[in-house]
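[1] pasted the sequence and its predicted model underneath.
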Amino acid sequence: MVLLVVIGGLLLAIGILGNAVMGAMDIFREKMTKDGSKTLLTAGIVVLTLMSNSAFAQDAVVTASPYFTRLSQTSFYLLLSVIVLELAVIISLLFLLRYLVGIKRKCKPKKVVAAGKPRISWWEKVNNTQTLDTAAEAGQNMGHNFDGIRELNNPTPPWWKWGFIFSICFGIVYFWRTEISHSAPSQIEELAMAEEKAAIAKEAYLKNAANNIDENNVTLLVDAGDITAGQKMFISNCAPCHGPQGQGVVGPNLTDDYWLHGGKINEVFKTIKYGVADKGMKSWQEDFSPKQLAQLASFIKSIHGSNPPNAKEPQGQKE
């Protein structure tokens, strides 16, 4: 819809510029008869400008990205190429009109404005307004006077009226597509789809982030769910060597202040991950994900100081 609106607006601009260029062609023909070679050269420059703009349009189409629209790639490129081509035509018409206006200024002297008749600027013509003198204001007076301020018959500019009409037409088409035919999603539906995509992307990010944990960036987990998950893994896999409460059996006691390979969270994580081959402890990195290793290490840190019964004597260095 946006691309079609842009195409329509550019077509309107092309029509206006084309009309202005056609009005200046008579002067161009007179100049051509007087200075054919110079005019021919200028016409060649204009043609080259059109060709360069067309080439620019082709380059722009090639570099356009279709990933921000639900249109097919062919439709997107087609609409985009029309827009770029229209821009090229507008630029070329502007160059041509500028040249023709320059001829008009050289060939025709400026008209002398009649005495007493105000000169209307191009801005006033576009807005359909005019600067009034004291005598002309009386004829445009609407009869509304408040505190010395009089209302004059100064209508709304045409471009504003057409913009207002266009907005109404756009609203009707938008309402029909979103609320009646349901051929396009409404803003609420677009928000819901965007939130759904964001939730999927967030889930994928968290999943990847959970598997990016190693001994350099691991942090102590304090969530009850993580501690419970670590406890289940500990009982199923570590209890034969360290006891179900971490009191130590073949392996050392994990609840006291003494550690053989370091008691910091990253050191415990590293010991579980790589194991200690010379003491019979296997590497668990092939059995558990990085997230699970962090949960297991956090559970071991959580039972520090629990003083279970039948605890094994301290081993290693105190920390």
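    Cool, got the structure. Since this is a predicted model, take the numbers as computed values, not measurements.
[2] show the contacting residues for residue 318.
    Residues in contact with residue 318, defined by CB atoms under 8 Å, 6 or more residues apart in numbering, are 257-258. All C-beta atoms are positioned from the backbone trio N, CA, C, and that covers glycine.
[3] relative to residue 248, how far out is it?
    Look at residue 318 and residue 248: by CB to CB, to the nearest Å, they are 16 Å apart.
[4] same thing with residue 261?
    Residue 261 is 14 Å from residue 248, where distance means CB to CB.
[5] how about the helices in this protein?
    Taking DSSP state H as the criterion, the chain carries its helices at 2-23, 25-34, 36-63, 73-107, 122-127, 134-140, 158-175, 187-210, 224-237, 239-242, 265-274, 290-302.
[6] one step back: more neighbours, residue 261 and residue 248?
    residue 248 (21 against 16; other CB atoms under 10 Å).
[7] quick check on the residue nearest to that one when sequence neighbours are not counted: phi, psi?
    Closest residue to residue 248 apart from its sequence neighbours, by CB to CB, 6 or more residues apart in numbering: residue 312 at 3.1 Å. Taking degrees, to the nearest 10, you get phi -70, psi 150 for the backbone angles of residue 312.
[8] show me what contacts residue 312?
    Counted by CB under 8 Å, 6+ apart, residue 312 has contacts 243, 247-249, 252-253.
[9] same deal with residue 86?
    Residue 86 makes contacts with 7, 10-11, 13-14, as judged by CB under 8 Å, 6+ apart.
[10] 6 Å - rerun?
    Contact analysis of residue 86 by CB atoms under 6 Å, 6 or more residues apart in numbering lists residue 10.
[11] and residue 220, by the same measure?
    The contact partners of residue 220, taken as CB under 6 Å, 6+ apart, are 265, 298.
[12] measure it to residue 125 for me?
    Counting by CB to CB, the gap from residue 220 to residue 125 is 75 Å.
[13] tell me how far residue 311 lies from residue 2.
    72 Å.
[14] neighbour count winner among those two?
    Each of residue 311 and residue 2 had its neighbours counted (other CB under 10 Å), and the higher figure belongs to residue 311 (17 against 8).
[15] that one contacts residue 254, doesn't it?
    No: counting by CB atoms under 6 Å, residue 311 does not reach residue 254; the two are 9.7 Å apart.
[16] can you check the pLDDT for residue 294?
    At residue 294, the model reports a pLDDT of 92.
[17] now residue 79, nearest residue through space, not along the chain?
    residue 3 (4.3 Å).
[18] measure the one you found to residue 231 for me?
    Distance, residue 3 to residue 231, using CB to CB: 59 Å.
[19] residue 156 now?
    Look at residue 156 and residue 231: by CB to CB, they are 75 Å apart.
[20] among these two, which residue is more densely surrounded?
    Shown here are residue 156 and residue 231; by other CB under 10 Å, residue 231 has more neighbours (19 against 11).
[21] does the more buried one touch residue 299 like I think?
    Yes: the criterion here is CB under 6 Å, and residue 231 meets it with residue 299 at 5.1 Å.
[22] in this structure, which strand has the most residues?
    strand 141-146 (DSSP state E).
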